[in-house]
Structures are given as structure tokens and as C-alpha cells.
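# prediction below, plus the sequence it came from.
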Amino acid sequence: MNDSQAQRWQDIPASSRRVALELIRFGPHSRSELASRVGLSPASLSRVTAPLLDAGLIHELESVSLPGLGRPIIPLAICDDAILVIGISITATEITGILTGPQPEVLAAEVRPLKSHRVSATLDEIDALVSTLKETTRELYPETDIAAVGVCFGGHVTETGWVTHAPFLNWREVPLHDLLKERLGYPTTIDNDLIAFAEAELWFGVGQQVDRFFVMTVGAGTGYALSINGEVVRDESVGYGTITERLLEDWPDFSKPEQIEDVGAAARRLGRLVGTAAAFSLPESVVISGEGAYIFEGFEDYLSAGVAEVRHPLASGLDIHLRDHDFAFWARGAATTALNHVVNPDNESQQLMV
């Protein structure tokens, strides 16, 4: 197995990797700012960052002189090739793959049609997609290999990488991790796609500004995922669909938004669902996405009115964000999960597939 890049991070002390995660999530910082954010003294920070500097994983930026400060500051930043990961999102009709590093930007993306739901055919497409993105990696960073691959799809997956239920792919009891491990030869994480989407929001979206948020998707299904204090909530029910048809009786078919005649009424009903969910999870922000989310652009007042129908008038305001539906962003979430499992020492006991 080609795990040299993942092993490179495993050889870095845990305290150093926590500093690296801070730079990945929140960008360059001066040493004093970084020490404050991670709760270290300046002397301890110098000791902790030394292995990262020596390994070429972080680097110093040009010094900056600020008014009122005597000595110029020298910010630290994560290197562009400190870790390169591939993220893959699988839907019923296509596979989207992206190449990305520790920065929010996607370095390369490719979409392939999924002509068959047979597991072997899907594995063939994933393998081909990874091979193509590996070639792009060699062009961009000839001396750096892929560290890990993250895969997400609509369904339930166990901690050991078995797909127990994936209705859009007609999969049941598929040992997906073992099959991918044999095909790809890289550390691989497997996730529910809604959880992956929430991870992308946590790292590079609203999670940059707030401690509590949830995402809700409207399309072929209606999904929900919650993030609290820097962690996306996971449990054994994730992937089965916690918002059931009984709760959504007479719910509009958001997978065919062009057939919805009264968008305002649909927006108010969605707002009521959002407000109900907010009553139990107390978020600061809500992100709405999915195939049908775009129809609510221009109907934000109707969404807010629906929320107000079920929310106490003295409750704090709810910041609602509409996201364009883009499976590259979902794939970014799968890549983020893979990156997190390689770099984050607090995840060593979780689902790092090596």
C-alpha cells in the first residue's frame, strides 16, 4: 500500500498536528496568535512547530510590519503540498472527483457518468477517476503523492466500512472499504454524503464563523446533519434518513422543482421544518442545499416566515444560507474527512482506513 504520505503525518507529534490543523482551517497566523488559539506559551509553540518546519509541512511567510508594534511579525502557513487528497461523491447517475490540498480551493475536478449501479462497475469508475486525478497531482506536485482518498454517497456505512444500505445505488451489505483498499492502495475513508457536506461547511463554510449549525438538503430526499463545537455529530443512525416520509407527508418533490407551482408555500413549509429542527438543536446558522434549493432564491422572506410560525418571537435570529447545489462541494467534504483522519491526532481511534 502506498501510505508514505499518510505515514509522514503519523510521524509528526500529536501536539504539532493540532497546530497544523489550526493553520489548515483558519489560514496563516503569527506565532503569538497561534499560541493563543491553541493554548500554548510562545516557547512551547516554537518547540511544537519545529517538526512541522523541519518536515516542510508549514513555512514562514514574508514579515509584516504593523503600526504600534516594534518587531515585524512573521506569519506561519501550511504548505500547499503538505497534504494532497482526493474526494469522490457518488450519486445515482454520476461520480464527481476532486483533487485538493490543505487550502479551500479545488485543484482539479472531473465528473463521470455512472452507467451501472453494479458494485464492480462503480469501482471501475472510481479507479479510473483516481488515476486521472493522480496524473494531475504529478503535474502539479511531482514530488508529492496522494495521502488519502475520501468517498461519500447517500447511504449508511459502518465504522468498518460496510455499506449496509444505499437506496439510490441499490446496494446492501457491500464491503466497500475492503474493495476500495484493494483497488486504490491508499488510506480511504467512507462517509454518508450529508455528513461529508456538513464537514465541508465546518471547515470551509459557516463553521468558520459559528459554533453550532445544521445543514438541510432538499431534493431526491430531505436530509439533516448537525455540527456542534467544531464537530459534526455522528452516530449509528447516520445514513438511514432521520427525516422520514411520515414526517414529510404531502411534502413537495424537490427533486423536480420545476413542477412545484407555489414556491412561496413550499418555502414556508420548509421554513417550518427548519424552525422545528432549530428548536431542538439551537443552531446559530442553517445551510440549505440540494437539487431543489435554488428555487428558494428570492423567496427568503417566505422561508423566514415559515420559521417564525414555529419559533418564539423573542428567540434569537436564525441566519439561513442557501447554497448552490454542487457535488464538487460534497466531494470536497469527502476529501476533508480523509484529510482530517490523516492529520488529526484526535481521530486516530476513529475510521481511518489504512
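Sure thing, it's come through.
# show me where the stretch 51-200 of the chain has helices.
119-140, 176-184, 193-204 (DSSP state H, counting those that start in this stretch).
# just name the most buried of those.
For these, the largest average neighbour count (mean count of other C-beta atoms under 10 Å) is found in helix 193-204, namely a mean of 26. Where C-beta positions appear, they are placed from N, C-alpha and C, glycine not excepted.
# now do the contacts for A128.
Going by C-beta atoms under 8 Å, 6 or more residues apart in numbering, A128 touches R112.
# what's the closest non-adjacent residue to R8?
Using C-beta to C-beta, 6 or more residues apart in numbering and skipping the chain neighbours, the partner closest in space to R8 is A55 (6.8 Å).
# quick one on the thing from earlier: so which of the helices of the stretch 51-200 of the chain gets nearest S44?
Across these, S44 has its closest neighbour in helix 193-204 (25.4 Å, C-beta to C-beta).
# which outside residues touch the closest one?
24-25, 87, 89-90, 104, 150, 152-154, 191, 207, 213-215, 217, 223-227, 230-232, 234, 238-239, 287, 289, 329-334, 336-337, 340.
# and the lowest-mean-pLDDT helix or strand in the chain, what's buried?
When each helix and strand of the chain is scored by mean pLDDT, DSSP states H and E, helix 4-10 comes last, with a mean of 84. Buried residues in helix 4-10, counted by 16 or more other C-beta atoms under 10 Å: 5-6, 8-10.
# rewinding a little: neighbours around the residue nearest to R8, how many?
16 (other C-beta atoms under 10 Å).
# where does it land on pLDDT?
As predicted, A55 sits at a pLDDT of 92.
# my guess is it contacts P13. True?
No - with contact defined as C-beta atoms under 8 Å, A55 does not reach P13; the gap is 10.8 Å.
# any low-confidence regions in the stretch 201-350 of the chain?
For the stretch 201-350 of the chain, the stretches flagged by pLDDT under 70 are 239-248, 347-350.
# can you give me the helices for it?
Under DSSP H, counting those that start in this stretch, the stretch 201-350 of the chain gives helices at 263-281, 300-310, 327-343.
# deepest in the core, which of the ones you listed is it.
A comparison of the helices of the stretch 201-350 of the chain by mean neighbour count, using mean count of other C-beta under 10 Å, puts helix 327-343 on top with a mean of 27.
# dump the C-alpha coordinates for it into CSV.
Output of helix 327-343 as CSV, limited to C-alpha atoms (Å, rounded to 0.1, in the frame of the first residue of the first chain):
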residue,chain,number,x,y,z
PHE,A,327,-21.5,17.8,-6.0
ALA,A,328,-17.9,19.1,-6.2
PHE,A,329,-18.5,20.6,-2.8
TRP,A,330,-19.9,17.3,-1.5
ALA,A,331,-16.7,15.7,-2.8
ARG,A,332,-14.8,18.4,-1.0
GLY,A,333,-16.4,17.2,2.2
ALA,A,334,-15.3,13.6,1.4
ALA,A,335,-11.8,14.9,0.9
THR,A,336,-11.9,16.9,4.1
THR,A,337,-12.9,13.8,6.0
ALA,A,338,-9.9,12.0,4.5
LEU,A,339,-7.6,14.9,5.3
ASN,A,340,-8.9,15.1,8.9
HIS,A,341,-8.3,11.4,9.5
VAL,A,342,-4.7,11.6,8.3
VAL,A,343,-3.7,14.8,10.1
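# G155 contacts R172, doesn't it?
No - the criterion here is C-beta under 8 Å, and G155 misses it with R172 at 9.4 Å.
# I'd like the distance between L21 and D346.
9 Å (C-beta to C-beta, to the nearest Å).
# more neighbours: which of these two?
Each of L21 and D346 has its neighbours counted (other C-beta under 10 Å); L21 has more, 20 against 12.
# from D127, how far out is that one?
Taking C-beta to C-beta, one finds L21 at 30 Å from D127.
# then I88?
11 Å.
# circling back: got the helices of the stretch 51-200 of the chain as a markdown table, with distance to A35 columns?
Below are the helices of the stretch 51-200 of the chain laid out as a markdown table (distance: least, C-beta to C-beta, whole Å):
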| stretch | distance to A35 |
| --- | --- |
| helix 119-140 | 33 |
| helix 176-184 | 39 |
| helix 193-204 | 22 |
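# many thanks, have a good one.
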